[in-house]
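Novice: need coordinates for the following:
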Amino acid sequence: MEKHVSNINTQKYRSNYDAINYDSTDGKAQLKPAVAWKRQVFNRLRYRPFYIAYSYLDDQDFTLTLMFHGAFYDYPTTYQEAIDYGFFFYGAPVESIKPDFKYPLETVGGDKLYLVYTYLDIQEGFQFTFDKLFDDERTAIEYAAKLAEPEDVSRTTYVDHNGEKFDSKHRDVINARVAVDVLPVWRKRDSTI
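Specialist: Numbers count the residues shown, from 1 in each chain. Next up is the predicted model:
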């Protein structure tokens, strides 16, 4: 009879991490169930949607006030915070967005998030879309810079608005600008709608 030899010694692993976290008793390198479960949970936390409360005021003279009030992964908390702070008096909606976080497990109340969004610099009304939400300022600005025209220093023509951390012409969309703003993470509340 042939004696079973573990593949840990015979198979080339990229690192000790792989040798510890992969099960090779059946001859194939498979992820251990505990490690697979942790990765699945981590990815679900990493890509869970966040809800953003925002409001804007678009005057007749094209003066725009766009405010991002806060974000949280729990819709009732975001909704209740917007009501408690009086933002719904101004008609603050709540929208969901999928984040791209480096440290999703470390995002707590009071932290800063960086929203990359696109808005149109046009005369008729104000339109904008959310692109991505980041927990790292540098990553958010790098992502926005990829969407922007290189070395653009122009200002808006029709709306009086600029991104807080970054603002530039969009390279792919006519009359559009890409911007980065900061918003806080709200704390979890025991609230029901």
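Novice: and Phe50, how far from Val173?
Specialist: Distance, Phe50 to Val173, by Cβ to Cβ, to the nearest Å: 24 Å. All C-beta spots, glycine's among them, are computed from the backbone N, C-alpha and C.
Novice: so the two - more neighbours on which side?
Specialist: Neighbour comparison, Phe50 and Val173: the larger count goes to Phe50, with 23 against 13 (by other Cβ atoms under 10 Å).
Novice: tell me how far that one lies from Tyr119.
Specialist: For Phe50, the distance to Tyr119 - Cβ to Cβ - is 19 Å.
Novice: and Lys112, by the same measure?
Specialist: From Lys112 to Tyr119 the distance is 21 Å (Cβ to Cβ).
Novice: neighbour count winner among those two?
Specialist: Using other Cβ under 10 Å, the more surrounded residue of Lys112 and Tyr119 is Tyr119, with 23 against 13.
Novice: give the next helix or strand downstream of the helix or strand containing that one.
Specialist: Per DSSP states H and E: Tyr119 is located in strand 112-120. Next in sequence after strand 112-120, counting helices and strands by DSSP H and E, comes strand 128-134.
Novice: okay, helices next: where are they in the chain?
Specialist: For the chain, the helices defined by DSSP state H occupy 7-10, 16-21, 33-46, 75-84, 137-147.
Novice: out of the ones you listed, deepest packed?
Specialist: helix 75-84 (a mean of 18; mean count of other Cβ atoms under 10 Å).
Novice: which residue would you name as the spatial centre of this structure?
Specialist: Residue closest to the mean C-alpha point of the chain, counted by Cα atoms, centre = their mean, is Leu133 at 2.0 Å.
Novice: for the closest residue in space to Leu45 that isn't next to it in sequence, grab the count of nearby residues.
Specialist: Among residues not flanking Leu45 along the chain, Pro104 sits closest, at 4.8 Å (Cβ to Cβ, 6 or more residues apart in numbering). Residues contacting Pro104 under the criterion other Cβ under 10 Å number 17.
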